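Colleague: Sequence unavailable; structure follows:
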């Protein structure tokens, strides 16, 4: 017999999510560039910031109720950073849920220049694992 937590987990990442998209925009600031983040000597959007924006977009796409006791944890990122974006430019992040298997959900993503949607800034995939917050807290406390 499935526990209530297992029922909620099963229903949280079902096949109905496949194909769902989420989009957001971000204007590049000095804090976002490789030079400031000490990940390179250029003043363009860093790969680390790109990864963060993508991860946050994927979390938003899932619309998990924060009071549910469940969340997700990132477990894989495959990111191709294709074009530099200077301070003041705006990028558009689009994520699409492409697969759900048991406790994992997979996304594809595209990041484009908001003013020139044909300019591909980054593409790739991201996977997140569904976790029970209390269970993870107990594991970390050991």
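Modeller: That came through fine. Since this is a predicted model, take the numbers as computed values, not measurements.
Colleague: who does whatever helix or strand residue 98 lives in pair up with?
Modeller: Residue 98 is part of strand 90-101, with elements assigned from DSSP states H and E. Within its sheet, strand 90-101 is paired with strand 21-27 (antiparallel), strand 104-113 (antiparallel), according to DSSP bridges.
Colleague: For residue 80, find the nearest of these.
Modeller: Minimum separation from residue 80 across those (Cβ to Cβ) falls at strand 104-113, 10.0 Å. Heads up, the C-betas are built off the backbone N, CA and C, glycines and all.
Colleague: Might you list the low-confidence residue ranges for this protein?
Modeller: Under the criterion of pLDDT under 70, the regions of the chain flagged as low confidence span 1-14.
Colleague: about what we covered before: point out the most buried one among the strands paired with strand 90-101.
Modeller: Each of the strands paired with strand 90-101 was given a mean neighbour count from mean count of other Cβ atoms under 10 Å, and the largest, a mean of 20, is that of strand 104-113.
Colleague: and the angle for the helix or strand that that strand is followed by with strand 90-101?
Modeller: Elements were assigned by DSSP H and E; along the chain past strand 104-113, the next helix or strand is strand 120-132. Between the axes of strand 120-132 and strand 90-101, defined by axes from the mean of the first three to the mean of the last three Cα atoms, to 10 degrees, the angle is 40 degrees.
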